[in-house]
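Visitor: Okay, sequence plus prediction incoming.
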Number of protein chains: 2
Amino acid sequence: MHILVVDDDRTLSDLLAFTLRRAGYDIHLAFDAPGALTAFQQMAIDLIVLDVNMPGKPGLKDGFDVCQAIRQSSDVPIILLTVRDDEEDVVKGLKLGADDYILKPFSPRELVARVETVLRRAASGKAKVDAPYLFGEISFDPHLRTFCRQGTDPVSLTNLEAQLLEVLMLNRGQILPAELLINQIWGPGGGSQEMLRQLIRRLRVKVEIDPESPELIQNLPGIGYGFGL
Amino acid sequence: MHILVVDDDRTLSDLLAFTLRRAGYDIHLAFDAPGALTAFQQMAIDLIVLDVNMPGKPGLKDGFDVCQAIRQSSDVPIILLTVRDDEEDVVKGLKLGADDYILKPFSPRELVARVETVLRRAASGKAKVDAPYLFGEISFDPHLRTFCRQGTDPVSLTNLEAQLLEVLMLNRGQILPAELLINQIWGPGGGSQEMLRQLIRRLRVKVEIDPESPELIQNLPGIGYGFGL
DNA sequence: CAGGTATGTGATAAATGTGTGACAAAATGG
DNA sequence: CCATTTTGTCACACATTTATCACATACCTG
């Protein structure tokens, strides 16, 4: 599994490479926008970790241009690297076709988790969702595990609740089989219908206006659950 | 990791070089302003330790001119060396784009700690924060390790407490994963959740009005801690 | 209609995360 | 060297999250 890391900052590149190699990936480095395109064209890359700010040249001056150029001919998964102050950058990048983002500073575990999530989504063949954590008046921040509905206070979710909501929102409009949800949240061999039921319950209590008449998270009997149907 | 040390005082240069080599860095020396620029242009330098007073030539007559010249084309981290009486020099240098300063005389540990902090900041990709150590009625001096809240006596912090507060304040408004804090304070493979918890405790006792209801340093369960949320 | 299954709900037990205090070990300064 | 301070380790308390169990309700089928 080959990952291309694009960042002009050598210290950060080395950290990224070290972390991802340790997680079992083959890493290739590029340090500017033209180098990124060249590397991508010369190697079979499975995912790109792409810093937003980096030196380039006219027509290819930063990470956004790289993202846009790659998207003209490929749907390889792209994860943006940006700092927290640059939320416009995140939105811009996602609109240009990036799949996810990582906020600096990040923990190694966060990085690996993001990479694995994005690779899983790509492997499942699901089309990308624009603004995956927005839905009408609702927004969800998977990094802070915070659910926001306009006009109400932000709600903090627990780790498992946030994982469930993330999977549901990334696959909005569809019913996900219970078995798949259990597998994604508890891993192979973990979890149970019972545990999923309780987790659904807890999540509904936190995110639905009236949990007893749920509108966001709905059930198809005998199959599973979906978000935003 | 290559560090360029610029100082006309050979004894001090040797001390600086010895200390930083012992900490694992590759050291390059320059002894005047023109030599500094030449060395910087000929090598891949990751950080410059730059004495303020040193011989130069017209247009490049001291450390400030070097700093200014380098900043026209590079954002390599720069640490100024100056004596304690020259606070105007410090302000002048920081305005010209230096990242931090070290006051002579200094301890080897102080030097290494400053270098590591500045490299870490550079690696995090975070733009320099204006007045990073001010926050409302609070101020923190990382060199003196002194925490001040208006209307109360200054509080002296230990080395680790000051390191933790520095990381938190430089990333104010964000939750920093515990793993990242541990890594930054104790280095790769060092520290533990246990040790972080104790350090958080000790720091809260010193800086919070009521450590049992902390307002400055807050926890996001399962993720980490943040300052000024 | 009765029985079985799926799903929702609540309560409690178990597990995990975080805060606090005490003491040992290590580091530091005079 | 010794006294003091700092840091690390351990134990326990408390808070939160997750797992388990029990029961209720809805729906479908024979």
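Guide: Sure, I can see it. Residues are numbered from 1 along each chain as shown, chains lettered A, B, ... in the order given.

Visitor: Could you list every helix and strand in contact with the lengthiest helix in chain A?
Guide: Secondary structure of chain A read by DSSP state H shows that its longest helix is helix A:108-124. Under the contact definition 3 or more Cβ pairs under 8 Å, 6 or more residues apart in numbering or on different chains; DSSP states H and E, helix A:108-124 sits against helix A:10-22, strand A:47-51, strand A:78-83, strand A:100-104. No exception for glycine: its C-beta is placed from N, CA and C like everyone else's.

Visitor: what about the helix or strand hosting residue A:165 and DNA strand C, any contact?
Guide: Counting by DSSP states H and E, the element that carries residue A:165 is helix A:159-170. No. Against DNA strand C, helix A:159-170 shows no contacts by Cβ under 7 Å from any atom of the strand, the least distance being 8.0 Å.

Visitor: so how far is that helix from its chain's centroid?
Guide: Distance of helix A:159-170 from the chain centroid (Cα atoms, centre = their mean, to the nearest Å) equals 11 Å.

Visitor: that older thread, for the helices and strands packed on helix A:108-124, which one sits closest to chain B?
Guide: helix A:10-22 (3.9 Å; Cβ to the nearest Cβ).

Visitor: Buried residues of the helix or strand that that closest one is followed by, list them for me.
Guide: Sequence-wise, the next helix or strand beyond helix A:10-22 is strand A:26-30, with elements assigned using DSSP H and E. Buried residues in strand A:26-30, counting neighbours by 16 or more other Cβ atoms under 10 Å in any protein chain shown, are found at A:27-30.

Visitor: Okay, now the sheet partners of strand A:26-30, with direction.
Guide: strand A:2-6 (parallel) (DSSP bridges).

Visitor: Also compute the angle for the strand it pairs with relative to strand A:47-51, please.
Guide: Interaxial angle, strand A:2-6 versus strand A:47-51 (axes from the mean of the first three to the mean of the last three Cα atoms, to 10 degrees): 10 degrees.

Visitor: contacting residues around strand A:2-6?
Guide: The contact list for strand A:2-6 (Cβ atoms under 8 Å, 6 or more residues apart in numbering or on different chains) reads A:13, A:16-17, A:20, A:25-31, A:33, A:35-36, A:39-40, A:43-51, A:54, A:63, A:66, A:115.

Visitor: Residue A:76 looks like it's in a strand, true?
Guide: No. The assignment for residue A:76 by DSSP: H, G, I helix; E, B strand; the rest coil gives coil, which leaves it out of any strand.

Visitor: mind listing what it touches?
Guide: A:40, A:45-48, A:70.

Visitor: can you check residue A:174 too?
Guide: By Cβ under 8 Å, 6+ apart, the residues touching residue A:174 are A:226, A:229.

Visitor: before we move on, back to that, helix or strand right after the longest helix of chain A?
Guide: Next in sequence after helix A:108-124, counting helices and strands by DSSP H and E, comes strand A:134-135.

Visitor: What count of nearby residues applies to residue A:1?
Guide: When counting by other Cβ atoms under 10 Å in any protein chain shown, one arrives at 12 neighbours for residue A:1.

Visitor: and if you look at residue A:115?
Guide: Residues near residue A:115, counting by other Cβ under 10 Å, number 23.

Visitor: and if you look at residue A:189?
Guide: Counted by other Cβ under 10 Å, the residues lying close to residue A:189 total 7.
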